[in-house]
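Asker: missing the sequence, but the structure's below:
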């Protein structure tokens with residue numbers, strides 16, 4: 001079994017409070033807290049749907065055993081890997097030497113170097129941990145994903161109930177998912 005955990009959250013958002021205030025044409029500051037809540041919910045949604053980290057954060061990928069192949073996939077976009085650690089057969093946590101593996105930031109993975117093998121790890125839960133940084137500066141987040149965040153945050157702000165009975169129906173989810181799809185296609 002394996003899982004990803006965010007150990008250090010981003011210190012910035014891909015879209016600023018000023019940007020969402022301008023997008024929603026909000027001039028007063030009395031709803032800034034609500035706008036930030038909507039913005040955070042929109043970022044969370046876009047990150048979950050895309051499987052990407054928008055702004056820089058620290059992640060830990062935990063595995064019960066080494067993969068059967070030579071690759072450990074990480075949450076994109078990978079900026080750097082801090083460490084690859086494992087519990088050896090004696091129960092001691094060891095840090096794997098960078099002589100054994102390499103980081104492919106373009107492919108968002110850790111992989112064995114040529115002619116290397118994974119060391120013997122103890123058979124236990126959470127035997128392997130990869131600590132890494134994923135995401136980018138806000139200025140480097142793709143424009144389509146920023147727009148998706150703005151649309152969705154604006155929708156949350158304008159429609160505070162789960163059902164809207166406005167005069168003109170609007171499919172915000174379709175627009176947001178279309179922007180996400182465009183970004184996903186551009187990445188490959």
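Answerer: Arrived safely, thanks for sending. These numbers were taken from a predicted model, which means no experiment stands behind them.
Asker: just the strands from the chain, written as ranges.
Answerer: 2-8, 57-63, 71-73, 78-87, 93-95, 101-104, 109-112, 128-134 (DSSP state E).
Asker: from the contact counts, what lies against the second one?
Answerer: Packed against strand 57-63 by the contact rule (3 or more Cβ pairs under 8 Å, 6 or more residues apart in numbering; DSSP states H and E) you find strand 2-8, strand 128-134. Heads up, the C-betas are built off the backbone N, CA and C, glycines and all.
Asker: what packs against the helix ranked longest in the chain?
Answerer: Assignment by DSSP state H gives helix 32-50 as the longest helix of the chain. Other helices and strands packing on helix 32-50, by 3+ Cβ pairs under 8 Å, 6+ apart, are helix 17-24, helix 143-158, helix 172-186.
Asker: what's in contact with that helix?
Answerer: For helix 32-50, the external contacting residues (Cβ atoms under 8 Å, 6 or more residues apart in numbering) are 13-15, 17, 20-21, 24, 26, 53-54, 145, 148-154, 156-157, 176-177, 180, 183-184.
Asker: buried ones in it?
Answerer: Neighbour counts over helix 32-50 (16 or more other Cβ atoms under 10 Å) mark 35, 38, 39, 42, 43, 45, 46, 47, 50 as buried.
Asker: now do the last one against residue 76, distance only.
Answerer: Residue 50 sits 9 Å away from residue 76, going by Cβ to Cβ, to the nearest Å.
Asker: distance between stretch 75-91 and the chain's centre?
Answerer: Stretch 75-91 sits 17 Å away from the centroid of its parent chain (Cα atoms, centre = their mean, to the nearest Å).
Asker: flag every buried residue along it.
Answerer: 75, 76, 77, 78, 79, 81, 84, 85, 86, 87.
Asker: got it, and stretch 125-133?
Answerer: Those would be 127, 128, 129, 130, 131, 132, 133, for stretch 125-133 by 16+ other Cβ under 10 Å.
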